[in-house]
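Q: Generate a structure from the sequence data that follows.
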Amino acid sequence: MALTFIEYNADGNNNKNFTFQSLKTTDIDVKLDGVVKTAGTHYNITNYTPSGGGTVVFTAGNIPASPVIIRIGRSTDVSTPRVTYTPGSSVKAADLNDNALQTIYSLQEEKDAVQNLGGTLTNVTISGNLNVGSNRITNVAAGISATDGVNKQQVEDITTNNNTAITAAQTAAAASATAAATSATTATTQATAAATSATAAAASATTASTAGSAISAQIGDAQKYAANAANTTFTTTAGVSGQLSALHYATLANTYAGFTVLYGFHRDSAGSLKLDYATASDSSTYKVEDYQYKGEAQWHIGDSAALHSATSGGTQGTPRYSLNSSGHLILTTTA
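A: Okay, here's the model as predicted:
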């Protein structure tokens, strides 16, 4: 049982009694939920005796109501001795008792403070466990150092902050999950597109290879058409046989050009009929108007071999002519 304080649950009544002893009324403290109230303002003490206690009467407007805890306690002033003796003064029993009670009351208050967490402790070190007997610890300051205790408000703030952080983390995680799903879908789409592109690339490569082979074959054919030896046939890569090169036809054209000559009849100034002909090497100039009779051409340009071939005797290109039975001059050809 506490010797230095008493507690009540507020019930709307304005007076509460206390019976513990004290030295004076100023040693009596009144607290509501741990908050010290002021004598003369919030309450007054009546019926007081040092040995029997008294009554705390709350003033109008300051009467506590449930669930406030009313604590009436003693806090003995030990800043100075209750009685100070001077040399030669008389020693009274009452003074000795007051000084002794000052010490005893202070020790009782410290005991109650330790055992019941009543009163006020300053810089007290507790070596063992602290048992508050299912009572609240009130007016706990906010912890600062790493080893300080924390009060309920700090715990609630931490919980609120943690809940806020958890909610934010959950929201961020959900957003990340959505983004990841979107990325996965995109990756799948891109993988499909990549596979399609790879297939198309393979097909293009096959086409290019086929085209390359065809081009190589065409190049080979073109080279043969351009430069294969004259009078030498060849077969194309497509299987067309009997082909001759451009070189062959150029050689043949050059041969034909070398044997092309002019043959023409005309009358000279004496009235004689003459046959002019030009050899392949002739550089003379001949005019076709000199070889016309009655508006008709009397000339011929052609292969010299058509008139006289080397195999029929004589020189190729030399004309052969004769008179027929009608007296006409006949130019003989070989074809």
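Q: didn't residue 57 look like it was pressed against residue 14?
A: Yes: proximity of residue 57 to residue 14 meets the contact threshold set by Cβ atoms under 8 Å, at 5.9 Å. From N, CA and C alone the C-beta is placed, and that goes for glycine too.
Q: where along the stretch 201-335 of the chain do the helices fall?
A: Taking DSSP state H, counting those that start in this stretch as the test, the helices found in the stretch 201-335 of the chain are 246-258, 304-307.
Q: Worst mean pLDDT among those?
A: Within these, the stretch with the lowest mean pLDDT is helix 304-307, showing a mean of 63.
Q: Now for the closest residue to residue 42 other than its chain neighbours: which residues touch it?
A: Sequence neighbours aside, residue 62 is the residue nearest to residue 42 in space, at 4.5 Å (criterion: Cβ to Cβ, 6 or more residues apart in numbering). Contact criterion Cβ atoms under 8 Å, 6 or more residues apart in numbering gives 37, 41, 42, 43 as the residues in contact with residue 62.
Q: Which residue, neighbours along the chain excluded, lies closest to residue 37?
A: If the residues on either side of it in the chain are set aside, residue 37 comes closest to residue 30, at 4.8 Å by Cβ to Cβ, 6+ apart.
Q: so how many other residues sit close to the one you found?
A: Taking other Cβ atoms under 10 Å as the neighbour definition, residue 30 ends up with a count of 21.
Q: Equivalent analysis for residue 328, please.
A: With neighbours defined by other Cβ under 10 Å, the count for residue 328 comes to 8.
Q: okay, it: pLDDT?
A: Looking at residue 328, the pLDDT reads 75.
Q: how close does it get to residue 291?
A: From residue 328 across to residue 291, the span is 17 Å (Cβ to Cβ, to the nearest Å).
Q: Where does pLDDT dip in the stretch 1-150 of the chain?
A: 1, 116-127 (pLDDT under 70).
Q: ok, 90 please
A: For the stretch 1-150 of the chain, the stretches flagged by pLDDT under 90 are 1-3, 78-99, 102, 108-141, 143-149.
Q: Would you state the helices of it in chain order?
A: In order along the chain, the stretch 1-150 of the chain carries the following helices (DSSP H, counting those that start in this stretch): 93-116.
Q: what's the burial count for residue 64?
A: As a burial measure, the neighbour count of residue 64 was computed by other Cβ under 10 Å and equals 23.
Q: whoops, residue 38 was the one
A: The tally of other residues near residue 38 (other Cβ under 10 Å) stands at 9.
Q: what's around the residue nearest to residue 21 when sequence neighbours are not counted, how many residues?
A: In space, not counting the residues next to it along the chain, residue 21 is nearest to residue 51; the distance is 5.3 Å by Cβ to Cβ, 6+ apart. Applying the criterion other Cβ under 10 Å, we find 9 residues in the vicinity of residue 51.
Q: before we move on, what about residue 172?
A: Taking other Cβ under 10 Å as the criterion, the count of residues near residue 172 is 10.
Q: tell me the pLDDT at it?
A: 91.
Q: which strands and helices sit next to the host helix or strand of it?
A: Secondary structure assigned from DSSP states H and E places residue 172 in helix 152-227. Helix 152-227 sits against helix 246-258, with contacts defined as 3 or more Cβ pairs under 8 Å, 6 or more residues apart in numbering; DSSP states H and E.
Q: For residue 56, see how far away the residue nearest to residue 42 is.
A: In this structure, residue 62 and residue 56 are 11 Å apart, going by Cβ to Cβ.
Q: what is in contact with those two at once?
A: The overlap between the contact sets of residue 62 and residue 56 (Cβ under 8 Å, 6+ apart) consists of residue 43.
Q: got the contact list for residue 268?
A: Contacts for residue 268 (Cβ under 8 Å, 6+ apart) come out as residue 274.
Q: And the strands in the stretch 1-150 of the chain?
A: Along the stretch 1-150 of the chain, counting by DSSP state E, counting those that start in this stretch, strands occupy 5-9, 15-18, 28-32, 35-36, 43-49, 53-58, 69-74.
Q: Name the stretch among the ones you listed that sits most buried.
A: Of all the strands of the stretch 1-150 of the chain, strand 69-74 carries the top mean neighbour count, a mean of 22, counting by mean count of other Cβ atoms under 10 Å.
Q: what pairs with that one, and is each one parallel or antiparallel?
A: Strands adjacent to strand 69-74 in the sheet, as given by DSSP bridges, are strand 5-9 (antiparallel), strand 28-32 (antiparallel).
Q: how close does residue 251 sit to residue 189?
A: Counting by Cβ to Cβ, the separation of residue 251 from residue 189 is 66 Å.
Q: and the two? which has more neighbours close in?
A: Neighbours were tallied for residue 251 and for residue 189 using other Cβ under 10 Å; the higher tally belongs to residue 251 (14 against 10).
Q: what sits against the nearest residue to residue 25 once chain neighbours are set aside?
A: Leaving out its chain neighbours, the residue that sits closest to residue 25 by Cβ to Cβ, 6+ apart is residue 45, at 5.0 Å. Applying Cβ under 8 Å, 6+ apart, we find residue 45 in contact with 25, 28, 39, 54, 55, 56, 57.
Q: What residues are bridge-paired with residue 45?
A: Taking DSSP bridges, one finds residue 56 as the beta-bridge partners of residue 45.
Q: re earlier: tell me the spacing between the residue nearest to residue 37 and residue 153.
A: Remark: distance between residue 30 and residue 153 (Cβ to Cβ) = 25 Å.
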